[in-house]
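**Student:** sharing a model prediction with you, sequence too.
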Amino acid sequence: MDLTGIHHLTAITADAPANNRFYTDTLGLRRVKKTVNQDDTSAYHLFFADGKGSAGTDLTFFDWPVARERRGTHSISRTGLRVKEESLDYWAARLRDKGLLVGDIAMTDSRGSLDFEDPEGQRFRLTADQPGDANPWERSPVPAEHQIRGLGPITISVPELEATETVLTRVMNMRRVRDYASPDGEGQVHVFEMGEGGPAAELHVAVQPGLPVARQGAGAVHHVAFRTPDVKTIHDWAQRLNEFRIPSSGEVERYYFRSLYFREPGGNLFEIATDGPGFAVDEPMETMGEALSLPPFLEPRRAQIEAGLKPLD
């Protein structure tokens, strides 16, 4: 029972139209699904990913009218996005041209990296990726060779390591492989890997006892999801959490994947999600993400739901 990497990451926006413009126009991602929060249908749930909507590439947002987050520990503190190492200069120039808060290209955990924030203050790190295949989006404003290749690594902040490490290694079967000093000077970062490892399959745990407790809001990350291949394996994960007496949501059918939610001891919300069936299950790959998609159980309420949503484009 091994998780194979990062599946997706879900964050919070208080301005869905501006969020949609930034992630498609500035970051050049494809909007692969325009749907609603299945637990709060007054809110959009937007999915941005690579050209095919591949598992491990999607960055998603709940649209809630909330104040900015208060930063601190007990949080998912930085979102990693993978690019080719030779693309870091391109991104530094592009993001500065857009007036964003951008750091300097640096070496972080022995990889080239570039930190920046989105317009709502969500913290990102572009990280040099390993060689391999990617699925660029042909209609992206970003040239194919420079496009974002996927998620990872993801950094969480906790005040102490021991209990979180126990869950990561004994329950989730991750491997602790190395440590490094946090670039912001706030403690040590401990690297845990899944599956074949590499930046697409790493969780970085920053131990930061001196920080206040975070409060979620716009610019914050709501949860991070990890990949499991199929429904059979998510059954196994649900049973495993039960055996360790870890409270969970039980299996939740999200239509595009099946999910299982629980909190690690540091308070961060984790999800395990299946790779399939994927975002093309209810619309053609060619037009995926253009119209409002609703799972079958919400389809009878389409007119009511659409009337409550603000225009995105």
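**Tutor:** On my side now, so go ahead.
**Student:** next, give phi and psi for V281.
**Tutor:** Backbone torsions of V281, given as degrees, to the nearest 10, read phi -70, psi -20.
**Student:** list the buried ones in stretch 23-35?
**Tutor:** Y23, T24, T26, L27, G28, L29, R30, R31, V32, K33, K34, T35 (16 or more other C-beta atoms under 10 Å). Yep, even glycine has a C-beta here, placed from its N, CA and C like the rest.
**Student:** check these and tell me the two furthest apart.
**Tutor:** T26 and T35 (22.2 Å; C-beta to C-beta).
**Student:** which SS class is the nearest residue to P159 once chain neighbours are set aside?
**Tutor:** Spatial nearest neighbour of P159, chain neighbours left out: P209 (4.3 Å); criterion: C-beta to C-beta, 6 or more residues apart in numbering. Classification of P209 using DSSP: H, G, I helix; E, B strand; the rest coil returns coil.
**Student:** count the neighbours of P209 for me.
**Tutor:** Using other C-beta atoms under 10 Å, P209 has 12 other residues around it.
**Student:** ok, now E243?
**Tutor:** With other C-beta under 10 Å as criterion, E243 counts 9.
**Student:** and if you look at the one 4 residues further on?
**Tutor:** Applying the criterion other C-beta under 10 Å, we find 10 residues in the vicinity of P247.
**Student:** bridging residues for the residue nearest to it when sequence neighbours are not counted?
**Tutor:** Computed as C-beta to C-beta, 6+ apart, the closest residue to P247 that is not its neighbour in sequence is F262, at 6.5 Å. Under the criterion DSSP bridges, F262 forms beta bridges with F270.
**Student:** re the thing from before, contacts only, for the residue nearest to P159.
**Tutor:** Going by C-beta atoms under 8 Å, 6 or more residues apart in numbering, P209 touches T73, P159, E160, G187.
**Student:** rerun that using 10 Å as the cut-off
**Tutor:** T73, S157, V158, P159, E160, L161, E186, G187 (C-beta atoms under 10 Å, 6 or more residues apart in numbering).
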